[in-house]
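Novice: This is a predicted model, with the sequence first.
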Amino acid sequence: MSGIAGIYNLDGRPVERSEIQQMLNSIAHRGPDGSGVRINGPVALGCQLLRVTPESTKETQPFIHPSGNVVVFDGRLDNREELLVKLQNSPEISKTSPDPVFVSAAYDAFGAKFAEHLIGDFAIGLFDPNRQKLLLARDAIGVRPLYYYCTRDMFLFSSEIKALLSHPQVSSQPNDAYLAEFLFERLSGDDGDGSTFFKGVFTLPPGFAAIVTSDGLLTRQYWDFDVTRYIRFNSFDEYAEGFRHYFEQSVRRRLRSAYPVAVSVSGGLDSSSIFCLAETIRKREPQQYPDILGFSLISEDGTPQDEKSFLSDIEQDYSASIRRILMGPQGVINGSRERLWHVESPFLDNLGGLAEPLYENIKESGARILLSGVMGDQILFQQAYLLDLFNHMSWYKIWAHLREFGKWNIDVDPKWFRNYFFLNLLKSYVPQSFMPHLRRIKRKFIKSDLNFRVYKRIFSERAYKHVSNNGVSNNLSGTAHSKSLYKQIKSRYNTFSLEWNNKLASIYEMEFSYPFLDRDLVCYLMAIPGDIQTWKGVPKGILREAMRVVLPARILQRRWKADFTDLINNRVARDFHNIASDLQSRGMVVRLGYVDETMLSFELERLRDQIRRFDCLVSWSLYDLLALEIWLQIFFGGTTKEEVHGL
């Protein structure tokens, strides 16, 4: 994972080296392997380089093509063999060329449509001095972030927002509409207009490219998923074999590393599948792949989140050693300022600094890639296919699957699955124009969520006005299953989460990689029937079948998940005094007009004894409020209410 940045003075003014260098200095943590700058009059491109792949070990950036075009690149290309064939007339590329060389050759061959020929996780900046064009491109899933800031006279881009804010001509305010939608609706719409938490700063949506000239900015979508594509086989075994092919391909792609590859292994089905498959691939071709290092963040014996016994099964089957890292003692507030500065968002994950020892150990091991089972649940246990069964009047099958869900999720009340199905059924048949009314009704019945008690109404109402204009289109063709998976992948919350995790990884000079978010794997899952994916009602049935000869039997049959409720609530209860003190003594959320001061004091006093509940609603609400407070302190500490709201 590298950091890239660029400046294009649209008025023709030459870029001063100090301008681009200041941007790079602010993201130096993303690239410990060197820094490079290329200035062409009004355009400057820069890179903080982190070398990961074998081909990158002698790489320097920016890369300059013989034609003159200049490339800065953050990412990994997965279709290099295909590109070697397509670009056989490009003498500068070979099997050992770094990825930016392939990107540059693709532009030389295909022009502005070059990104359509690339597969992988990437963010790209490319300047063509002959045509005076700056081109940007971002991968189809959005694993690598790419932000920009544009005025009439200047265009800036970077891997992180702080690089844009470091430019002397950039000023920003909190984006209230986006903040409100995040806090109250968790960014439930699609990519939208690329808004961020900073007004005037935008993220290039996944699968999009941009062209910048002296005339301004033009963005376009260069690739999208086809939700109407169908794949049909004659047997479930053929579907499982197809899944195994794409899943193994996905893991192989992410093992292309000049350093050991770490895998976060909880003992759950998803992360265990990644580790065991990676080890299987490595043992089959030990000369081609690096060492696989298993790491597990563990808790005390007998706690609801204790999964250690499953790790022993993996170690026994694979003669491997998984390093167990005890969750750190950090409180909610400890280290939160540094994390929020890095992630640039008012969001603290539920475990906060607990995972810090895990990441530190991985960094010390020499690994620069961490494979994670993130999004496995969302990708592999989509329940919208029940609507497809409903439309085909397969009502008995629906009932049988709902019953099976309860058997395979013994820690969840079976009624939840039935209620969720009926809610989806209602949503699918209620006209879109009625959805805002349903949301209002839903809010009236929310009694335990802190968000609706302390935030000023004028602020919270912006979320519901904004979300109604940013939903994923309901006019998509395809099955309910394919559309649901599409909406999951295209949601702004998914994009936000990937950006957040990418910037968190940069603290530890590594990149997080997600085999379940491989473009080709997702395409395959969209194209097959949903009831095949959840074969006979068994959650992740296709994964279980495909991994039958890879995973230990106990993990294949696992029917419960770790429960972090007590851990989260206990941490918040332990830090409650410090949280309340930080909110009330500094009070940015009050001073800038987001929170009612009287209601805040009342709610903090009322909720003091309600934290250790059967759920985490109070704790989550306090996490959100604390994160907003600290984020405002970091990025807008000297800002007045009038400046924030443009008064």
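Specialist: Thanks, I have it.
Novice: Show me this structure divided up by domain.
Specialist: The chain breaks down into these structural domains: 3-221, 237-563, 565-644 (assignment by automatic domain parsing).
Novice: Show the average pLDDT along the last one.
Specialist: With pLDDT averaged residue by residue, domain 565-644 scores 85.
Novice: Grab the nearest non-local neighbour of Asn40.
Specialist: The spatial neighbour of Asn40 that comes closest, neighbours along the chain excluded (C-beta to C-beta, 6 or more residues apart in numbering), is Pro129 at 5.1 Å. The way it works is simple: take the backbone N, C-alpha and C, and place the C-beta from them, glycine included.
Novice: what's near enough to touch the one you found?
Specialist: Residues touching Pro129, when contacts are defined by C-beta atoms under 8 Å, 6 or more residues apart in numbering, comprise Asn40, Val43, Gly68, Asn69, Val70.
Novice: I'd like to know how far it sits from Ile231.
Specialist: Summarising the geometry, the distance separating Pro129 from Ile231, computed by C-beta to C-beta, to the nearest Å, is 44 Å.
Novice: quick one: the helices in the stretch 1-150 of the chain?
Specialist: For the stretch 1-150 of the chain, the helices identified by DSSP state H, counting those that start in this stretch occupy 17-26, 80-86, 99-110, in order along the chain.
Novice: Over to the stretch 301-450 of the chain?
Specialist: Assigned by DSSP H, counting those that start in this stretch, the helices in the stretch 301-450 of the chain fall at 308-318, 336-343, 356-365, 376-380, 385-391, 395-408, 414-429, 435-444.
Novice: Would you format those helices as TSV with mean pLDDT, mean neighbour count and distance to Lys58 included?
Specialist: What follows is the helices of the stretch 301-450 of the chain, written out as TSV (pLDDT from 0 to 100; neighbours: other C-beta atoms under 10 Å; distance: least, C-beta to C-beta, whole Å):
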stretch	mean pLDDT	mean neighbour count	distance to Lys58
helix 308-318	96	16	34
helix 336-343	93	19	29
helix 356-365	95	18	23
helix 376-380	95	20	36
helix 385-391	96	20	48
helix 395-408	96	16	50
helix 414-429	89	14	52
helix 435-444	58	12	55
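Novice: closest one to Ser621 among the ones you listed?
Specialist: With C-beta to C-beta as the criterion, Ser621 lies closest to helix 435-444 of the helices of the stretch 301-450 of the chain, at 14.3 Å.
Novice: shaky segments in the stretch 1-150 of the chain?
Specialist: Within the stretch 1-150 of the chain, the set of residues satisfying pLDDT under 70 is empty.
Novice: ok, Gln88 - how many residues close by?
Specialist: Other residues within reach of Gln88 by the criterion other C-beta atoms under 10 Å amount to 10.
Novice: wait, what's in contact with it?
Specialist: With contacts taken as C-beta under 8 Å, 6+ apart, Gln88 has no neighbouring residues.
Novice: Next, find the distance separating it from Tyr178.
Specialist: 46 Å.
Novice: By residue count, tell me the biggest helix in the protein.
Specialist: For the chain, the longest helix by residue count, based on DSSP state H, is helix 617-636.
Novice: For it, enumerate the helices and strands it packs against.
Specialist: For helix 617-636, the contact count by 3 or more C-beta pairs under 8 Å, 6 or more residues apart in numbering; DSSP states H and E identifies helix 176-185, helix 336-343, helix 451-454, helix 565-574, helix 576-585, helix 588-591 as packing neighbours.
Novice: Val430 is nearest to which of the ones you listed?
Specialist: Taking C-beta to C-beta as the measure, those were each checked against Val430, and helix 176-185 came out nearest at 17.5 Å.
Novice: From the chain's centre, how far out is the closest one? Work that out for me.
Specialist: Between the mean C-alpha point of helix 176-185 and the mean C-alpha point of its chain there is a distance of 18 Å (C-alpha atoms, centre = their mean, to the nearest Å).
Novice: just checking, what packs against it?
Specialist: If contacts are counted by 3+ C-beta pairs under 8 Å, 6+ apart, helix 176-185 sits against helix 451-454, helix 457-467, helix 617-636.
Novice: among the ones you listed, which is the most enclosed?
Specialist: For those, average neighbour numbers computed from mean count of other C-beta atoms under 10 Å are highest in helix 617-636, which has a mean of 22.
Novice: tell me which residues of the helix or strand hosting Glu248 are tucked away?
Specialist: Applying DSSP states H and E as the criterion places Glu248 in helix 236-253. Using 16 or more other C-beta atoms under 10 Å as the test for burial, helix 236-253 gives 239-240, 242-244, 246-253.
Novice: Show me the helices in the stretch 151-300 of the chain, by range?
Specialist: According to DSSP H, counting those that start in this stretch, the helices that the stretch 151-300 of the chain contains are 161-165, 176-185, 236-253, 269-284.
Novice: Which neighbouring elements make contact with the longest one?
Specialist: Taking 3+ C-beta pairs under 8 Å, 6+ apart as the contact definition, the neighbouring helices and strands of helix 236-253 are helix 269-284, helix 519-527, helix 541-546.
Novice: Off-centre distance for stretch 68-81?
Specialist: The chain centroid and the centroid of stretch 68-81 are separated by 21 Å under C-alpha atoms, centre = their mean.
Novice: again but with stretch 325-342, I slipped
Specialist: 19 Å.
Novice: Equivalent analysis for stretch 492-510, please.
Specialist: Once both centres are worked out by C-alpha atoms, centre = their mean, stretch 492-510 turns out to sit 6 Å from its chain's centre.
Novice: same check, this time on stretch 239-248
Specialist: The chain centre lies 23 Å from the centre of stretch 239-248; the measure is C-alpha atoms, centre = their mean.
Novice: cool, and stretch 501-520?
Specialist: On the basis of C-alpha atoms, centre = their mean, the separation between the geometric centre of stretch 501-520 and that of its chain is 8 Å.
Novice: average model confidence for it?
Specialist: Along stretch 501-520, the predicted confidence averages to a pLDDT of 97.
Novice: Straight-line length of that stretch, end to end?
Specialist: End-to-end distance of stretch 501-520 (C-alpha to C-alpha, to the nearest Å): 22 Å.
Novice: So for it, what gets flagged as buried?
Specialist: Neighbour-count burial for stretch 501-520 [16+ other C-beta under 10 Å]: 501-520.
Novice: again with stretch 66-81
Specialist: Residues of stretch 66-81 classed as buried: Asn69, Val70, Val71, Val72, Phe73, Asp74, Gly75, Arg76, Leu77, Asp78, Asn79, Arg80 (neighbour count, 16+ other C-beta under 10 Å).
Novice: CSV for those residues, including distance to Ser621?
Specialist: Formatted as CSV, the entries for these read as follows, by distance: C-beta to C-beta, whole Å:
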residue, distance to Ser621
Asn69, 50
Val70, 47
Val71, 45
Val72, 40
Phe73, 40
Asp74, 35
Gly75, 36
Arg76, 38
Leu77, 42
Asp78, 40
Asn79, 44
Arg80, 47
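Novice: What is the nearest of the residues you listed to Ala112?
Specialist: Asn69 (11.6 Å).
Novice: what bridges to the closest residue to that closest one other than its chain neighbours?
Specialist: Taking C-beta to C-beta, 6+ apart as the measure, Asn69 lies nearest to Asp128, with 4.9 Å between them; neighbours along the chain are not counted. When bridges are assigned using DSSP bridges, the partners listed for Asp128 are Lys133.
Novice: Give the burial count for Asp128, as a bare number.
Specialist: 22.
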